[in-house]
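**Q** Return a 3D structure for these sequence lines:
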Amino acid sequence: QVQLVESGGGVVQAGDSLRLSCAASGRTFSTYAMGWFRQAAGKERDFVASISRNGGIKYHADSVKGRFTISRDNAKNTVYLQMNSLNAEDTAVYYCAAGPWPGTRPETFGSWGQGTQVTVSS
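**A** Model (predicted):
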């Protein structure tokens, strides 16, 4: 199993940017595809972005395409989510996850972090 710890969340204004980080420990980070999901209050957990083991394949949800970018640094055991042009609809708890391939469904991923809150005020 891999342990995941997210950071970088906070309260920002609409139009601002944030970069989330997810630090991994435990088994070799580079053997995992990584994903970011988010869950707004009272709603299901939604896919945001995922990235393959070497970073060569990336997927982004249509709702964030062009605004958010997933990346990873295997030397630092860290995956990032750069979020630009934030709006109120992006308010949610953001979770990173590790799994065997860069899927878009939560069931693809077996290890999860505790989440970090992102609040965007309009």
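**Q** contacts, neighbours, all on C-alpha from now
**A** Fine.
**Q** Compute the number of surrounding residues for residue 105.
**A** By the criterion of other C-alpha atoms under 10 Å, residue 105 has 14 neighbours.
**Q** What strand or helix carries residue 103?
**A** Element membership of residue 103, judged by DSSP states H and E, is empty: it is in no helix or strand.
**Q** Hmm, residue 50 and it touching each other?
**A** Yes: between residue 103 and residue 50 there is a contact under C-alpha atoms under 8 Å: 6.6 Å.
**Q** quick one: which of the two has more around it?
**A** Neighbour comparison, residue 103 and residue 50: the larger count goes to residue 50, with 31 against 20 (by other C-alpha under 10 Å).
**Q** and the helix or strand hosting residue 98, how far out from the chain's middle?
**A** Using DSSP H and E, residue 98 sits within strand 92-99. Distance of strand 92-99 from its chain centroid, counting by C-alpha atoms, centre = their mean, to the nearest Å, is 5 Å.
**Q** Run through the residues that contact residue 7.
**A** 20, 21, 22, 116 (C-alpha atoms under 8 Å, 6 or more residues apart in numbering).
**Q** try 6 Å this time
**A** Counting by C-alpha atoms under 6 Å, 6 or more residues apart in numbering, residue 7 touches 20, 21.
**Q** Equivalent analysis for residue 40, please.
**A** residue 92.
**Q** just residue 99 next, same as before
**A** 32, 33, 109, 110.
**Q** Point out where this structure drops to low pLDDT.
**A** Scanning the chain with the threshold set as pLDDT under 70 gives 27.
**Q** coming back round to it: what are the pairing partners of the following helix or strand past the strand holding residue 98, and which direction each?
**A** For strand 92-99, the following helix or strand on the C-terminal side (DSSP H and E) is strand 111-112. Neighbouring strands of strand 111-112 in its sheet, by DSSP bridges, are strand 92-99 (antiparallel).
**Q** Quick check: phi and psi at the closest residue to residue 35 other than its chain neighbours.
**A** Leaving aside its sequence neighbours, residue 35 sits nearest to residue 50 (C-alpha to C-alpha, 6 or more residues apart in numbering; 4.0 Å). Residue 50 adopts backbone torsions of phi -150, psi 160, taken as degrees, to the nearest 10.
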